[in-house]
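Colleague: sequence below, structure please.
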Amino acid sequence: MTSPEGKDKKAIWTDCPQCARKHLLAAYALLTQDEPNKADNGVVCAGAFRLLLARAEIALTEAQMGYVGNASLASGCLAAAECISAQHLKPDLRHALRDVRLDIDKMNLESAITGLWTFLMANDAEARAAAHLAEARRELPDMWDKALGDFSYGFYRCGDKAALLATIIAKVRELESLYELGAGS
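Modeller: Numbers count the residues shown, from 1 in each chain. The predicted model follows:
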């Protein structure tokens, strides 16, 4: 089994079971952070703009940790978000979003992530969870299961949160078993 440390940190990775596991567990943590008895309708969803911003945040964080290939992914997410934002944002905010992307392209990652937080709601757990699920799917597409949700038309939607959580745990266990992963590996 190849360790993530053995891969090129300048590339945008795919085929990384450890990475997919990490993103699945992050999604689970985000979706279970509320009070257990809090009433919700069982639907998890995130629009394309929020999803792209959250994916950019993940990619930027990974780029800051030395996986610089993910800066390109963050830039792509923000370029797509810019197109969507043309319909929603005032011109000054569109320019600010573009400036965040340009900071990424110049590898000014600290400035970029600070600027990105202007657009992301601090408590947007659903968008961040959906972004982690999108990253898990990108990292290891063969493990994707429709029970993990639907990304049609750039939106994320899952109609049954309880089933989603159960499927996340099942997929994590499957990855751990197949690739000999876990807390101790």
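
Colleague: tell me what the helix or strand bottoming out on mean pLDDT in the chain is packed against?
Modeller: In the chain, no helix or strand scores lower on mean pLDDT, DSSP states H and E than strand 44-46, which sits at a mean of 87. Using 3 or more C-beta pairs under 8 Å, 6 or more residues apart in numbering; DSSP states H and E, the elements in contact with strand 44-46 are helix 125-139, strand 156-158. Placement of C-beta: from N, CA and C, glycine included.

Colleague: most tightly packed of those?
Modeller: Mean neighbour counts were compared across the helices and strands packed on strand 44-46 using mean count of other C-beta atoms under 10 Å; the top stretch is helix 125-139, at a mean of 24.

Colleague: what residue is smack in the middle of the chain?
Modeller: Ala131 (2.7 Å; C-alpha atoms, centre = their mean).

Colleague: roughly how far does Val172 sit from Ile12?
Modeller: Counting by C-beta to C-beta, to the nearest Å, the gap between Val172 and Ile12 amounts to 23 Å.

Colleague: compare neighbour counts for the two and give me the winner.
Modeller: Neighbours of Val172 and Ile12, each counted by other C-beta atoms under 10 Å, are more numerous for Val172; the result is 20 against 16.
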